[in-house]
Structures are given as C-alpha cells and as structure tokens.
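**Student:** Quick one, structure for this:
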Amino acid sequence: MEALLSKLSEQQELTAEEIVWFLKNLTPELKQQLYGRASEVRKQYYDVSVYSRGLIEFSSYCRQDCLYCGLRRSNLNAERYRLTEEEILECAVEGYKLGYRSIVLQSGEDAFYTEKVMTSIVRKLKLFFPDTAITLSVGERSEAFYQALYNAGADRYLLRHETASRTLYESLHPGMSFDNRMECLRILREIGYQVGAGFMVGLPGQTHRHLAEDLLFLKEFHPEMIGIGPFIPHSATPLNGAAGGTVEDTLVMIAMARLMVPDALMPATTAMGTLDPSGREKAIQAGANVVMPILSPLQIRSKYALYEQKICMGDEPEHCRSCLEMRIAVSGYRMEFSRGDHYRFNVQL
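**Tutor:** Numbers count the residues shown, from 1 in each chain. Modelled structure (predicted):
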C-alpha cells in the first residue's frame with residue numbers, strides 16, 4: 001500500500017487493478033497520508049488559493065429522466081421555475097458587487113433556453129462584466145449550440161461524465177446515450193472551452209472497478225475541472241431508499257483524482273457540506289480548491305432540488321461569501337475572487 005501511494009504521488013498513475021486493490025485496503029492512517037499528499041500537490045499549482053464561483057441556478061425544468069435526480073422530468077411533484085434574462089443579469093450584478101469574477105450558469109436540460117436566448121445572456125454578461133469568466137452547465141446540446149455560446153464569450157463548460165462505465169451509465173440514464181455524453185465532452189474540448197467532467201460516489205451498483213474506470217478516464221481526458229461529490233438520494237426518485245455516498249469515500253476519490261490530474265480545478269461541493277457541516281473544509285484539505293456559493297434568488301433556491309436538505313438555501317449572497325471566506329481562512333487557505341482560470345490557461349495569458 002505504501003508503494004502504491006508513492007507511485008500514485010510520484011508517477012500520477014495507477015492501473016485499474018492497483019486502484020481497486022488500493023481502495024479495498026486503505027487504512028485510516030493511509031487515508032490521512034493520501035489527503036496530505038493531495039493537498040501538497042494542489043499547492044504546487046495553486047498555492048493556498050480556493051477559487052470562488054458565483055452560481056446561478058436559473059431553471060429547474062429538465063427533459064432528462066436520470067434516476068438519481070430530483071429534477072427528473074418524471075418527478076411531477078417538483079416545483080419548476082425559470083429565471084428571465086433580466087433576473088439572471090440581476091443575480092450576476094449582485095455577484096459582481098460581492099467581488100466574484102467567475103459566474104456559473106446552471107440549469108436542467110431546458111429547451112426553453114435556446115441558442116438565441118443563451119447567446120443573448122452570455123453576450124450581455126460579457127458586455128457588462130468583461131473581466132469575468134462565464135461557465136455554462138446546461139447539459140447535452142448540439143455542436144452548433146456549444147460553438148455559438150463559445151463565440152458569444154463563454155469560457156468554460158461543466159458536463160459531468162457521471163460514470164465511465166457504459167453499463168452503469170445506461171442503467172441510470174434512461175433514454176440517454178453514453179456515446180453522446182462522451183462526444184459532447186470531446187466537442188467542448190475541441191471548441192476550446194475549459195471543460196469540466198466528474199462523477200458521484202456511492203451510486204447504487206457502483207463498484208471499486210467503476211471508480212477505477214472513472215479515475216482512469218479523468219487521467220486520459222485531463223479535464224480542466226473535476227467535480228466529485230457524494231450521491232444523496234432524493235425521496236421522489238426511483239433511488240429513494242438507497243444507501244447513498246459518504247463524505248469519507250468521496251474524500252478518497254477527490255484526493256486520488258488530484259494526484260492523477262494534479263493541475264485540475266476541483267470544487268468542494270455543497271453536497272459535501274450537506275452530509276457533514278465540515279464537509280467542504282475536509283474536501284479542501286484533501287485537494288479540492290473551488291467553492292461555488294449560490295447567487296440565485298432566495299425564493300426559488302429550494303426548488304432547484306437535485307437532492308434534499310441542501311444547505312445554504314436561506315442565506316443571502318453576502319452572508320454566503322463571508323461565511324465561506326471565514327471557513328476557508330480557518331482551514332489555512334485563502335478565498336480567491338479572481339477569474340480563477342485553469343493553470344494551463346493562466347500560463348498562456
């Protein structure tokens with residue numbers, strides 16, 4: 001196990017068999033060593049900076065029916081909403097005043113927001129805030145859509161691969177294509193976006209072998225951003241009653257991903273803080289270096305329910321900022337309000 005940890009730290013890789021063995025035999029002491037090494041590697045690229053992204057969840061409508069998600073189209077009890085262009089811009093203005101220079105626009109896969117609508121939103125954001133990075137997370141779209149939004153000024157695109165196992169992917173995503181998911185990621189990379197991939201830990205049917213495949217996919221694809229969080233069951237989905245993921249298992253994946261893709265930008269997700277009041281801080285200590293406080297209007301936040309009992313639903317954006325900044329400082333890190341580009345993109349500037 002010590003040899004495998006050294007190989008992972010020094011060579012930034014393990015085979016699938018080695019990953020499975022490593023996961024099956026991790027001791028509490030070795031986990032702490034793993035987290036420590038991941039944190040040190042992160043500091044080599046990003047020092048003690050934790051980058052902030054202001055998150056605007058602008059629509060809870062979704063055409064997809066993913067078994068784990070509270071926004072799935074078959075959830076007839078879900079409260080749906082859409083923000084107007086003006087409301088989205090108002091959220092961005094508030095975020096800009098609070099110092100955020102990175103804005104994330106996230107929604108379900110909502111066809112209401114056409115290429116024309118989204119292009120208008122992105123162009124106005126870039127016009128008003130030219131020094132701000134714009135990230136999109138709106139699911140699977142056409143190559144023309146991706147290209148148009150990139151041309152309008154979008155900088156980054158988040159599209160979790162969810163799982164690198166075709167069988168597991170198809171069992172969780174009825175009507176969706178594993179090949180199309182991977183093709184979307186490839187197209188986004190070719191267009192020039194800073195691309196984010198990632199997966200959930202603790203999905204029903206997920207094995208150590210599946211997790212090994214996820215890590216190896218991330219190693220090969222080398223996304224600029226990697227989102228890893230615990231699966232939290234929603235009561236209005238077919239996976240209600242499933243055990244769900246744990247903070248501890250997710251920390252292991254964050255740390256291993258950090259060592260395999262050392263220059264990635266990796267969020268300490270809200271889901272971690274939902275399961276454990278110190279979950280986000282623990283993720284940062286294990287190699288994460290991004291936080292995404294919510295800028296969405298208070299009255300609609302609870303309706304964006306990917307899972308239940310989500311934290312920070314009633315916090316004003318200003319309170320969210322000060323709370324996170326304090327938590328990060330106490331952990332020995334510094335909350336950063338710049339664009340927070342990926343290391344390679346910074347080097348090119």
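
**Student:** use CA for all of it now, contacts and neighbours both
**Tutor:** Noted.

**Student:** Chain neighbours aside, what residue packs nearest to G287?
**Tutor:** S39 (4.5 Å; C-alpha to C-alpha, 6 or more residues apart in numbering).

**Student:** So what's the gap between the biggest helix by length in the chain and the chain middle?
**Tutor:** Counting by DSSP state H, the longest helix found in the chain is helix 28-46. Using C-alpha atoms, centre = their mean, to the nearest Å, the distance from the centre of helix 28-46 to the centre of the chain it belongs to is 20 Å.

**Student:** which secondary structure elements does that helix contact?
**Tutor:** For helix 28-46, the packing partners by 3 or more C-alpha pairs under 8 Å, 6 or more residues apart in numbering; DSSP states H and E come out as helix 2-11, helix 247-260, helix 279-285.

**Student:** ok, the residue most central in space within the chain to M292 distance?
**Tutor:** Computing the C-alpha centroid of the chain and ranking residues by C-alpha atoms, centre = their mean puts G227 first, at 3.4 Å. Taking C-alpha to C-alpha, to the nearest Å as the measure, G227 falls 11 Å from M292.

**Student:** if I look at these two, which residues touch both of them?
**Tutor:** 267, 269 (C-alpha atoms under 8 Å, 6 or more residues apart in numbering).

**Student:** starting at the chain centroid, how far to the helix or strand containing L211?
**Tutor:** Element membership for L211, per DSSP states H and E: helix 208-221. Chain-centre distance of helix 208-221: 16 Å, with C-alpha atoms, centre = their mean.

**Student:** and for that helix, what are the contacting residues?
**Tutor:** 13, 16, 19-20, 23-24, 163-165, 197-199, 256-257, 260-261.

**Student:** Then stretch 153-162?
**Tutor:** Contacts for stretch 153-162 (C-alpha under 8 Å, 6+ apart): 122-123, 126, 133-140, 169, 181-182, 185, 188, 193-200, 225, 227.

**Student:** Using ChimeraX, define a selection of the buried residues within those.
**Tutor:** To isolate the buried members of the contacts of stretch 153-162 in ChimeraX, using 16 or more other C-alpha atoms under 10 Å:
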select :122,123,126,133,134,135,136,137,138,139,140,169,181,185,188,193,194,195,196,197,198,199,200,225,227
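
**Student:** where in the stretch 1-150 of the chain is pLDDT low?
**Tutor:** For the stretch 1-150 of the chain, no stretch has pLDDT under 70.

**Student:** Quick check: the residue nearest to G287 touching N289?
**Tutor:** No. Applying C-alpha atoms under 8 Å as the test, S39 and N289 come out as separate, 9.4 Å apart.

**Student:** Looking at those two, which one has more neighbours?
**Tutor:** Between S39 and N289, counted using other C-alpha atoms under 10 Å, N289 has the larger neighbour count: 29 against 24.

**Student:** and that one, what pLDDT?
**Tutor:** At N289, the pLDDT value in this model is 98.

**Student:** can you pull the contacts of it?
**Tutor:** 42, 49-51, 265-268.

**Student:** Can I get those residues in a markdown table including neighbour count?
**Tutor:** Below are the contacts of N289 laid out as a markdown table (neighbours: other C-alpha atoms under 10 Å):
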| residue | neighbour count |
| --- | --- |
| R42 | 27 |
| S49 | 19 |
| V50 | 25 |
| Y51 | 25 |
| L265 | 26 |
| M266 | 27 |
| P267 | 25 |
| A268 | 27 |
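
**Student:** Filter the residues you listed down to the ones in helices?
**Tutor:** Among these, DSSP H puts R42 in helices.

**Student:** Who are the packing partners of the strand ranked longest in the chain?
**Tutor:** In the chain, with assignment by DSSP state E, the single longest strand is strand 194-201. If you count contacts as 3+ C-alpha pairs under 8 Å, 6+ apart, strand 194-201 packs onto strand 156-158, helix 178-191, helix 208-221, strand 225-230, helix 247-260.

**Student:** redo that, cut-off 6 Å
**Tutor:** Where contact means 3 or more C-alpha pairs under 6 Å, 6 or more residues apart in numbering; DSSP states H and E, strand 194-201 is packed against strand 156-158, strand 225-230.

**Student:** I'd like the average pLDDT over it.
**Tutor:** Here the average pLDDT along strand 194-201 is 98.

**Student:** which residues sit against the helix or strand containing M326?
**Tutor:** Per DSSP H and E: M326 is located in helix 317-330. Residues external to helix 317-330 that are found in contact with it (C-alpha atoms under 6 Å, 6 or more residues apart in numbering): 295, 335.

**Student:** Could you rerun that using 8 Å?
**Tutor:** 50, 95, 98, 281, 293-295, 312, 334-335.

**Student:** Quickly note the distance from K126 to Y45.
**Tutor:** 28 Å.

**Student:** Would you mind measuring from the closest residue to H342 other than its chain neighbours to Y343?
**Tutor:** Closest residue to H342 apart from its sequence neighbours, by C-alpha to C-alpha, 6+ apart: E224 at 6.0 Å. Shown here: E224 relative to Y343, a distance of 8 Å by C-alpha to C-alpha.
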